[in-house]
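**Q** have a look at this fold, sequence not included:
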């Protein structure tokens, strides 16, 4: 097989010309049949027995897909090529014999009819490739200049994934030739102010949204474990999230009174009437500050971060003897495979490109999901370690390889592994729901109850086995996480409330009553809710129509109330505000080094103001990109359809980039006065 000019050859390698066997450069998978079948692999298109590549970069995948979707051009016959060449030569000769040619558009044939001239044919597609080549050259030069800019300035290549990247290039192209890029001075002065102004305009639009849906203040804290502690404040609603500010609380992180005053300051800035809840971490100082805040502002709810609490449940389960043993053994398997390039390549070949290790999630979720992947790939892993290719290799003779192989054929390992996966997966499903900025408030109560039911069912009702897991869940749920807001959200979620298989117990009913008393600050609102409550209970009026019944599971809870709750407007408003809130603050993957730098380096007042502006713009642009990537849609959640093996938000969305503050070192002299 002769290697041609096919664009796909840049992404694969010919390893056996006789059998037309090629290897993917990304996942190392091999195919017979030449480059044509490899295209389907790289384009992630299932075709017969071809497995889509899981490692191919998105731009390569899209390029190969475009190639496959472009209709093939018909080959030009030899005679046609000769005619075209003759025409081109004739055109060239005529042109060279005079200062330009004037084609004769027709000549008399034998019958006197007019026919196209053979010497001077009209322009045809045959002349187009020259134009295409010239355009391609320009494209290549532009691509190279952009690449040089990235490489020279050490700009992370992931910046090319930014939604602002192509927008920038398109805007430059609109200006045409001669566009002068903004200078260093303009970037850090007038343009910074303009972008900051745009974000403040967005802030105003969000405030209008808060009047309807309410909002949640997120309080995310970080410590270097020694002397530095920082809190980042942001505010979120279904339309998106806004970064407000970061505060250095070093030395005060254990002071409940100090934290209360700080939270109150942010609450008043956002507007007490807009805020439904405040989410913080769980240390006692935050607990005390949150309780004081609710005591002073009766309509407000304080909640600990649900992601943190559920992650702690998984941590406690991971300490159980059998679970701890099998998790450690699973680590030894992945540690060996991922530290050996040849073993890793073989593993990917036998698993169809599937990975075992998921590093971009929290530690305990990573451990359980890794174990789950090993359980799913049990047969493939055993097959890999029993292959002649493996057994005859030098690697297989080493003690660590033999230990891993023995483990994979140990019945006790698989028994413990299946158990650990089954009892952890219901909690991981809840974490998958709340680990994002989507409104998940209406689902967490049901999720906890489902997790307990599934654990009990796995152990076939044996209290000796399921009660230790239940105690772990109940301790974190009852002592830290559960509140009347979660209960009210479950009560007002139509997919739960009207589900005959879910029990609306006293805890949920009492939580709903307590939440309504807090939210209905006026006596007239309390009276209206009292009147409207039975209409919801009995699904009367618009709530009982065929569309409303279908919408219970097809619509997000907040959208359902907005669409069908118009006959009970007071309860509708309360329901929308409750069901529009998130449960977690940990989905924001802040780059804490930026804030640490901000609060560590000594700067004068002017420098600090400029850097504060830059951080404000930087963080909010990142949050806007995150919001746009999830396309702003709130979707209903069906527990049985949650796939924990699919990509998590924290995996698909990169953390906020590290902010470069070196430009402050070159502030104009007039800006560098004494603080």
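**A** That came in fine, so what should we check first? Source: prediction; values computed, not measured.
**Q** how many neighbours does residue 533 have?
**A** 16 (other CB atoms under 10 Å). The way it works is simple: take the backbone N, C-alpha and C, and place the C-beta from them, glycine included.
**Q** in this structure it contacts residue 575, no?
**A** No: using CB atoms under 8 Å, residue 533 is not in contact with residue 575; the gap is 11.3 Å.
**Q** break the protein into its domains for me.
**A** 7-67, 198-305+590-630 (the TED database).
**Q** how about the ones you listed, which one is nearest residue 385?
**A** Proximity to residue 385, assessed across the domains of the chain by CB to CB, is greatest for domain 7-67 (17.8 Å).
**Q** now the closest one: average pLDDT?
**A** Average pLDDT, domain 7-67: 76.
**Q** how far off centre is that domain?
**A** 26 Å (CA atoms, centre = their mean, to the nearest Å).
**Q** quick thing: my sequence starts at 9, can you match it?
**A** OK, 9 is where the count begins now, so the last one is domain 15-75.
**Q** secondary structure class for residue 35?
**A** Taking DSSP: H, G, I helix; E, B strand; the rest coil as the rule, one finds residue 35 in the coil state.
**Q** quick one: it from residue 373, how far?
**A** Per CB to CB, to the nearest Å, residue 35 is found 25 Å from residue 373.
**Q** okay, residue 529: pLDDT?
**A** Per the predicted model, pLDDT is 86 at residue 529.
**Q** whoops, I mixed them up, residue 638
**A** Taking residue 638 on its own, its pLDDT is 65.
**Q** once you drop chain neighbours, what's closest to residue 227?
**A** residue 288 (4.3 Å; CB to CB, 6 or more residues apart in numbering).
**Q** beta partners of the one you found?
**A** residue 312 (DSSP bridges).
**Q** and the residue nearest to residue 66 when sequence neighbours are not counted, backbone torsions?
**A** Closest residue to residue 66 apart from its sequence neighbours, by CB to CB, 6+ apart: residue 169 at 7.9 Å. Residue 169 adopts backbone torsions of phi -80, psi -10, taken as degrees, to the nearest 10.
**Q** where exactly do the helices run in the stretch 559-683 of the chain?
**A** Under the criterion DSSP state H, counting those that start in this stretch, helices of the stretch 559-683 of the chain are mapped to 565-572, 577-587, 600-608, 613-637, 657-660.
**Q** got TSV for these, with mean neighbour count and distance to residue 405 too?
**A** Shown next, in TSV, are the helices of the stretch 559-683 of the chain (neighbours: other CB atoms under 10 Å; distance: least, CB to CB, whole Å):
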stretch	mean neighbour count	distance to residue 405
helix 565-572	23	59
helix 577-587	23	60
helix 600-608	17	44
helix 613-637	18	47
helix 657-660	15	36
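**Q** what's the neighbour count on residue 156?
**A** 10.
**Q** distance of it relative to residue 150?
**A** Applying CB to CB, the value for residue 156 to residue 150 is 11 Å.
**Q** equivalent analysis for residue 23, please.
**A** 35 Å.
**Q** same check, this time on residue 389
**A** On the measure of CB to CB, residue 389 and residue 150 end up 47 Å apart.
**Q** same question for residue 494.
**A** 53 Å.
**Q** with neighbour numbers in mind, choose between the two.
**A** Between residue 494 and residue 150, residue 494 has the larger neighbour count (other CB under 10 Å), namely 28 against 12.
**Q** give me every residue that touches that one.
**A** 311, 449, 452, 453, 519, 591 (CB atoms under 8 Å, 6 or more residues apart in numbering).
**Q** now it: which helix or strand?
**A** helix 492-500 (DSSP states H and E).
**Q** likewise residue 240?
**A** Assigned by DSSP H and E, residue 240 belongs to strand 237-245.
**Q** bridging residues for residue 227?
**A** residue 241.
**Q** give me the neighbour count for it.
**A** With other CB under 10 Å as criterion, residue 227 counts 24.
**Q** circling back to that earlier point, the residue nearest to residue 66: how many residues sit nearby?
**A** For residue 169, using other CB under 10 Å, the count is 14.
**Q** ranking the helices of the stretch 559-683 of the chain by mean pLDDT, which is last?
**A** helix 657-660 (a mean of 62).
**Q** in this protein, where is pLDDT below threshold?
**A** 9-13, 24-27, 41, 54-57, 77-139, 368, 444-445, 594-596, 637-641, 657-683 (pLDDT under 70).
**Q** list the buried residues in stretch 420-439.
**A** Across stretch 420-439, burial judged by 16 or more other CB atoms under 10 Å covers 421-422, 424-439.
**Q** among those, which lie within helices?
**A** Judged by DSSP state H, helices contain the following of those: 421-422, 424-439.
**Q** related to what we said a few turns ago, can I get the domains of the chain in a markdown table including distance to residue 161?
**A** A markdown table is the format used below for the domains of the chain (distance: least, CB to CB, whole Å):
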| stretch | distance to residue 161 |
| --- | --- |
| domain 15-75 | 21 |
| domain 206-313+598-638 | 16 |
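**Q** roughly how far does residue 30 sit from residue 16?
**A** Taking CB to CB, one finds residue 30 at 9 Å from residue 16.
**Q** now swap in residue 348 and tell me
**A** 29 Å.
**Q** now the helices for the stretch 159-308 of the chain?
**A** Going by DSSP H, counting those that start in this stretch, the stretch 159-308 of the chain shows helices at 171-183, 192-195, 198-221, 264-278, 292-304.
**Q** who touches the third one?
**A** Translated: helix 198-221. Against helix 198-221 from outside (CB under 8 Å, 6+ apart): 190, 223, 243, 245-248, 250, 278-279, 281-282, 566, 584-585, 588, 618, 621-622, 624-625, 628-629, 632.
**Q** just want the angle from it to helix 577-587.
**A** Using axes from the mean of the first three to the mean of the last three CA atoms, to 10 degrees, the inter-axis angle of helix 198-221 relative to helix 577-587 is 130 degrees.
**Q** what do you get for the first one?
**A** On the basis of the same axes, to 10 degrees, helix 171-183 is oriented at 100 degrees to helix 577-587.
**Q** contacts for helix 171-183?
**A** 167, 187, 189, 629, 633, 636, 637.
**Q** show me what contacts residue 516?
**A** Per CB under 8 Å, 6+ apart, neighbours of residue 516: 453, 495, 498, 499.
**Q** in CSV, list the residues you listed along with neighbour count and distance to residue 483.
**A** What follows is these, written out as CSV (neighbours: other CB atoms under 10 Å; distance: CB to CB, whole Å):
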residue, neighbour count, distance to residue 483
453, 26, 17
495, 23, 18
498, 27, 20
499, 24, 24
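**Q** dump these to a markdown table, plus distance to residue 69.
**A** Output for those, formatted as a markdown table (distance: CB to CB, whole Å):
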| residue | distance to residue 69 |
| --- | --- |
| 453 | 40 |
| 495 | 45 |
| 498 | 41 |
| 499 | 45 |
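**Q** check the offset of the helix holding residue 494 from the chain's centre.
**A** Offset of helix 492-500 from its chain centre (CA atoms, centre = their mean): 27 Å.
**Q** again with stretch 190-209
**A** That offset, for stretch 190-209, works out to 28 Å (CA atoms, centre = their mean).
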